[in-house]
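here is the input, now give the coordinates:
(chains A, B and C)
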Amino acid sequence: MTQSNRHASGGRIDRGQPLRFAFNGKSYEGFEGDTLASALVANGVRVTARSFKYHRPRGIVGHGPEEPATLVELEGEDASGNRPATTIPLREGLRARSVNCWPSPEFDLGGVNQLLGRFIPAGFYYKTFKWPNWHLFEPSIRKAAGLAAAPNNPPSSGHFEARHAHTDVLIAGAGPAGLQAALEAGRAGKRVFLADEGTEAGGSLLNRNLTINGQPAMGWVDDAVQELREMTNVTHLQKATVWAYREHNLLIVNERNPEQDRIIERSWRVRAGEVIIATGATERAMVFSNNDRPGVMLASSVQAYVNRWGVTPGKRLVLFTNNNSVYAVASDLVATGIRVEAILDSRATVPQATLDMVPGLSVHASTVVGDVRGRKGVKAAKAVSATGVESWIECDVLAHSGGWNPTVHLWSQSRSSLQFDERLAAFLPDQAAQNCTAIGAAAGHLALDQIIEGGEDLAYEIEPLWRVDLPDQRGKAFLDIQNDVSVSDVHLALREGYDNVEHVKRYTTGGMGIDQGKTGNINIIGTVAMQKGVPLQEVGTTTFRSPYTPVSFGAIGGLREGSVLFPYRHTPVTQWNEDNGAVMYEAGARWRRPGYFPDQGEGLQEAVNRECRAVREGVGVYDGSPLGTFELKGRDVPQFLDFVYSNVMSSLTPGNGRYGLMLSDDGLILDDGVVFRLDDHRWLVSTSTGHADAMNQHMEKLLQTEFPDWQVMITTVTSQWNNATICGPRARDVMQALGTDIDLSPEAFPFMSFRDGTVAGFPARVVRVSFTGELSFEVNVAPRHMAALWDKVLEAGEPFGILPVGSESSHVLRVEKGFLSLGHEVDGTADAYDLGMGWVMSKKKTDYLGKRSILLRREGASTRRELVGILPDDPNKQVPEGAPLTPGGRKEATEGLVTACVWSVVNDRWVGLALLQGGHGRHGETAHVRLKDEVIPVKITKPVFHDPDGNLLRS
Amino acid sequence: MLIPCPFCGERSESEFIYGGPVGADRPDPNTVSDAEWVEYLTVAPNPLGPVHERWWHARGCGEWLAIWRDTRTHDIVEAPDDSK
Amino acid sequence: MCSCIPSYKSIWVILQGRCALVKKLIDGTYLLMNAMATMQNYSVFSLARNAFSGHRNWPLAWRSPPLKDQYDVVVIGAGGHGLATAYYLAKEFGIKDVAVLERGWLGGGNIARNTVTIRSNYMRDESIPFYVKSVAMYEGLTHELNFNMMHSKRTMVDVVQTWPKLRELRRRQLVMDIYGSTYEQISVNELHQRIPALTGGGPDARLPVICGMVHTDAGVNRHDAVAWGYARAADALGVEIHQQTAVQSLIRGTDGNISGIETNRGTVRAKKVVVAVSGHTTTLTETAGLKLPLRTMNLTAFVSEPVQPLVDVIVNCPDSGFYFSQSDKGEMVIGGAPDMGQSFRRDIKQNVFEDTVTAMLSLFPSFKKLKLMRQWGGHLDIAHDASPIMDQTEIPGLFVTAGWWGGYKAIPAGGLTLAYLVAKEEPHPLMSSFTLNRFRHLDFVMEAGTTTAR
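The predicted model follows:
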């Protein structure tokens, strides 16, 4: 059985290039230019699928993305699921199998569901499977659903990419209307982006035998494509589906296999000045009993198989229509020598011009199809006349046309409106919401002469028939073939009160398949309208949503993966850190920082203890470069800082600095940091690492929107300065060993001041701040000197036992001192008073951000959660950070939480910080940490465990 | 979305950081009533239609700008007549 | 009596509004029918019985009664919260003269477009017990409403990729434990066993996976069924649901109290009006001169093509900013972050969508070959502190339920406690922290980071 249905000649296939492929394990042959569907038709494969719910045998229905029945799964290299066979270009070695059946569509064990059909109407699951609970039934139901297997690997070769494009005109669809529009715009010198989902341009002309000025229409297409190719202002893509129409004329195009196997798919984000929607029209199905038998096909698809691919789906055809287009199909079939048994036309009168196209054929007006015989392939169709006369006509294909739907998906996605057109019995584009136009068949111009001058075509006329409605109708009449939704399901939904079209859709699942109901949705709307006795416009259509056809997530992601997805920020010391065994991780704000520096065989706690001990007893150094740093310049900086910080900054004298809090106007703590006055007009503001960007935004917003007259200029200098912070009792010794021209004595260079000079030969700004509670020198240098400075610090510090310190140790050191950490103690509830920092809330200033709100909030609350220190009664007992404190340790509403708990090397025990209800008044009492199965008593103390008077950091 | 920046022209939304609706002018916190203060802080215009909002051209020129955008369509529109 | 409904209905459609006398007669008939109406039990037996009569005898799930000009309580919005409130008003508090008015179709708001995640892993004492209650109520809802919600208590697994997130989740874990909600940490190995498709996030990844957190109380169910189940059960108790009934404004009496509403079908009087119209809350309350600290945002979701069972838990990746579960039909139902800026739209911003997809592919690289099938958005209102608002407003008789961000999981408890508030005019203890009172002293309920995606 090799291509038994293939014609000896004709079609846009290359008979010189045979291709081997496999379908459900059997080998077949097709030709270059085939789709999987056309090759299956050529090989006489009739049963190609099983349906979703009843597992009824199904064949190929359509020829493009509208295909509702034959979904396949590709195997091997190009493995992917749920693909309509009609959209898969055939290639050598292709392996495909039907989804949704086992072991094969010919013999499918799931077919037993057909016998149960009457027990599983629409929405049956809402009424059953309740006892004892759904979860019991769920696994087997899930297994029955799902169609194709889930992908288990990313593609092994090739990659996805995404691109931007800007264009004057985007044209969706390269059929006659789209090509014509592209030629006009291209000739006018506009930038044109023409995208078409097919493998070649031509649209409906590929499938039909039409002429333009007496010449074959495809010749016109070839000329148009050639002319467009020569225009440098035109980008013309085939195999490129415009699948989404977003706001501001942004359209997304999915281009498949653009550079053979190197790029699997390319996503285009196209920003268009103007959009022309030339997406053509889709034929819709007729709805009659057993309209899903293999061999019941869309008439235009039969025509496409015959003309485009040179294959015939059958030898004896019956056609069923309510409109003129089928007569052109019959004419083409006759011309190819295929036998047309009859044309059944539901209309009372068939236009004479239409009849003239099919001389000698048997045309039955006022006649419908009442039933179809042939479970695994059509054997006969029952013709029923208006007077009730029935006759069975033997045939192997029943080609039907319920009329044409302009493909308005993109139009509707753009939020443009639709209007039901009674003459065409279809929803047509109405008011445009963006700069877009619909042309050609998408605008309801369904005949070629309406689109192209000289085009010759039959006029389109239709009398809608939303479903065949006969007395004593037997057999299911499907509205949605993919989801097995029949007329009786819709009737049931309406009967039960689910009478909005959205209810019908959801109750029956009609139109919710992968094909999104391209051939059947309108019939659902028509059936609802018929049943309710209202016009279609009143029933309305459901919303068209992107994507027009399914798109792989890989293409949407493009190249944004791995290191470019979310780039790290690095300091110049990163390489040293990695070379020296630091455990590195994300430390907020995308900085990759060393957590700790374990020695051989050492765990986290031991390493941290060693680093902390070095800082407390000798000296340590850490890389403080990521701290947010901003230089503020201008006359009005003092009043600006006084407004954004809760304390007074304007009184600072050059060379000196002050710690402060930034609040939001609703009284939440935004950030803490240190401000230095460099000279009269230059100030240095440092913020926490994690909030640097947000604080930049905050300050810029205030300046630009609230105080546009104030002279303040903000420059981000975080990356202009890097620093090595030397801390510990021996820090001054290390500084001296490094060599500096700065007088380091505490009198000449006190705490919270800075000095410019040289350190180890590098120009440097040295700042005396401390985040550890020890004597500290923050040595800031230009980034190009940072790595060298780091090496020199370690070298100079070696005699003093200097150690590099990671962020884990920094955390321990700040907890021992009771210094705040955003995200720990500052969690969006505590204010400065709660944290024991009332001194930072200026009483002098009449206004600053957050002042009024904090006063208001403190008037309201009875007791507040206040910062305390905690000492577990058992000094060796660690309390998990975040653990709740409850009254008496009982399982009841919490009265606080542990914000931090660390092993203190200076106290040789676990110490912690906590926010506790009324905590300031409870020093000396015992509180209780409530864990899942355990209560840990802790002693409440002041939140400082080392050098409470701050003598060391000022030393 | 394309956002018109006074310096850079229409630029993609991805270059901007959203800065919230333009609210009422900040009242004098020392004279305003509690209720008015709370309303100033927490209540923003939430129109089904044009909203006045700020965006920061953070990945561009750094300008803070205000636009009127229709919340139903994302269309950038002229300031309504009744706006101040 | 079941079979008489369609004929009755068609007569009513023809005569509606044309003849007052006939209308009165019909109203009388309707009352009689109401008295006779009992909700048909749904079971495998009723399904079989109906199968043999061609399913022609199923009764209406809810009626379409004529709109009266007065009710004890009017609920605006036939979404999850509105329908549930009406149901509990009738069921628990005996208030049955209730009309639920819906501008579009019942169950068409956010309940039609959310990602059906039901969970109680919150952080604060104010929130956890409320959600624990809601989760428990959901578990019994199929039987209570005799409508299969397809409740699937399938567990949520958080994929943790940063230490600060882990600290936050551990903090939640211990507070949740106090209220009986479960949260357990699992290792990376166990995580891979639970979610074999999680092949990204290895040690060399940009954000390596650190561990997982397992919330066994979490589940999913069928959102349409929740709306339809509440509607059907409320209807059976006498609540009237009026679709295609758009409320244009709220009406206040001379005493300043709420006195009714203006609709496209005329004025309806009621001394108590509940606004349950996520997203449009302020649009309505402003018609009565009431300002609320709410902003409307667009939150989006999308589904993949249906594939064979791959993931049987809800996967939440808070550090990467997305979450998903696989529906019974096989689709991956995926959610991410909201759009920036206020929006009443129901579509998706491409940049937000791409961010979500790229984050997902970094942890689930095999999904590159999976295809997007459908995407949509919903608009919801977010309060200044991102916690919900349920209260009687400063306009006596006007109640709002708003500010729900992930409000699907709150429907049962939200409906019950709001019904309590409407009936008793005092807050239910489970929701007393969610009243407007908190704003008077800027005492926010900060559940930072508890929304699933961020």
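
tell me where the stretch 101-250 of chain C has strands.
Assignment of strands within the stretch 101-250 of chain C using DSSP state E, counting those that start in this stretch yields the ranges C:117-118, C:156-160, C:184-186, C:211-215, C:219-220, C:240-242, C:247-252.

ugh, typo on my part, it should be the stretch 751-900 of chain A
Using DSSP E, counting those that start in this stretch, strands in the stretch 751-900 of chain A cover A:754-759, A:762-767, A:776-781, A:803-804, A:865-872, A:884-885, A:896-904.

what about the nearest residue to A:H164 once chain neighbours are set aside, which SS state?
Closest residue in space to A:H164, ignoring its immediate chain neighbours: A:R269 at 5.1 Å, by C-beta to C-beta, 6 or more residues apart in numbering or on different chains. All C-beta atoms are positioned from the backbone trio N, CA, C, and that covers glycine. Under DSSP: H, G, I helix; E, B strand; the rest coil, A:R269 falls in the strand class.

A:R269 against A:R163, yeah?
Yes: the pair A:R269 / A:R163 is scored as a contact, 7.2 Å apart, by C-beta atoms under 8 Å.

tell me which of the two has more neighbours.
Neighbours were counted for A:R269 and for A:R163 using other C-beta atoms under 10 Å in any protein chain shown; A:R269 has more, 20 against 14.

and that one, what pLDDT?
In this prediction, A:R269 carries a pLDDT score of 97.

OK, contacts around it?
A:A162, A:R163, A:H164, A:A165, A:L250, A:L251, A:I252, C:Q350 (C-beta atoms under 8 Å, 6 or more residues apart in numbering or on different chains).

one more: A:N257?
A:K239, A:I263, A:I264, A:E265.

give me the distance between the residue in the stretch 1-150 of chain C that chain B sits nearest to and chain A.
Going by C-beta to the nearest C-beta, chain B is nearest to C:R103 of the stretch 1-150 of chain C, at 12.6 Å. Computed as C-beta to the nearest C-beta, to the nearest Å, the C:R103 to chain A distance reads 12 Å.

returning to what we had before: I'd like the contacts of A:R269 laid out as CSV, including secondary structure and distance to A:V234.
As requested, the contacts of A:R269 are exported to CSV (DSSP: H, G, I helix; E, B strand; the rest coil; distance: C-beta to C-beta, whole Å):
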residue, secondary structure, distance to A:V234
A:A162, strand, 22
A:R163, strand, 17
A:H164, strand, 18
A:A165, strand, 12
A:L250, strand, 20
A:L251, strand, 17
A:I252, strand, 20
C:Q350, helix, 24
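
of the residues you listed - the most surrounded one?
Counting neighbours by other C-beta under 10 Å, A:L251 leads the contacts of A:R269 with 28 neighbours.

excluding its backbone neighbours, what's nearest the one residue sitting closest to the centre of chain B?
Residue closest to the mean C-alpha point of chain B, counted by C-alpha atoms, centre = their mean, is B:E53 at 1.2 Å. Using C-beta to C-beta, 6+ apart and skipping residues adjacent in sequence, the residue nearest B:E53 is B:P21, 4.9 Å away.

OK, contacts around the one you found?
Taking C-beta under 8 Å, 6+ apart, one finds B:A44, B:P45, B:N46, B:V51, B:H52, B:E53, B:R54, C:R295, C:Q342 in contact with B:P21.

of all those, which two lie farthest apart?
B:N46 and B:R54 (15.4 Å; C-beta to C-beta).

higher neighbour count, those two?
B:N46 (25 against 20).

how about the more buried one, phi and psi?
In terms of degrees, to the nearest 10, the main-chain angles of B:N46 are phi -130, psi 60.

what's the closest non-adjacent residue to it?
B:N46 sits nearest to C:T282 (C-beta to C-beta, 6+ apart), 4.3 Å away.

what's the nearest residue to the closest residue to chain B within the stretch 451-600 of chain A if we skip its chain neighbours?
Going by C-beta to the nearest C-beta, chain B is nearest to A:R560 of the stretch 451-600 of chain A, at 12.0 Å. Distances taken as C-beta to C-beta, 6+ apart place C:T358 nearest to A:R560, at 4.5 Å, with adjacent residues excluded.

you'd agree that neighbour is up against A:L559?
No: assessed by C-beta under 8 Å, C:T358 is found out of contact with A:L559, at 9.5 Å.

of these two, who's got more company?
Neighbours per residue, other C-beta under 10 Å: of C:T358 and A:L559, the larger number sits with C:T358, 22 against 14.

what parts of the stretch 801-950 of chain A come near chain B?
A:T846, A:D847, A:K851, A:R852, A:S853, A:L856 (C-beta under 8 Å from any C-beta of the partner chain).

typed the wrong thing, it's chain C
C:280, C:282-283, C:291-296, C:340-345, C:349, C:351, C:381, C:384, C:439-440, C:442.

can you tell me which of the residues you listed are buried?
The neighbour count (16 or more other C-beta atoms under 10 Å in any protein chain shown) marks C:280, C:282-283, C:292-296, C:340-345, C:349, C:351, C:381, C:384, C:439, C:442 as buried among those.

out of those residues, which sit inside strands?
C:L294, C:R295, C:T296, C:D381 (DSSP state E).

switch the residues you listed over to a markdown table; also include pLDDT and distance to A:P550.
Shown next, in a markdown table, are those (pLDDT from 0 to 100; distance: C-beta to C-beta, whole Å):
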| residue | pLDDT | distance to A:P550 |
| --- | --- | --- |
| C:L294 | 96 | 36 |
| C:R295 | 96 | 34 |
| C:T296 | 96 | 31 |
| C:D381 | 92 | 33 |
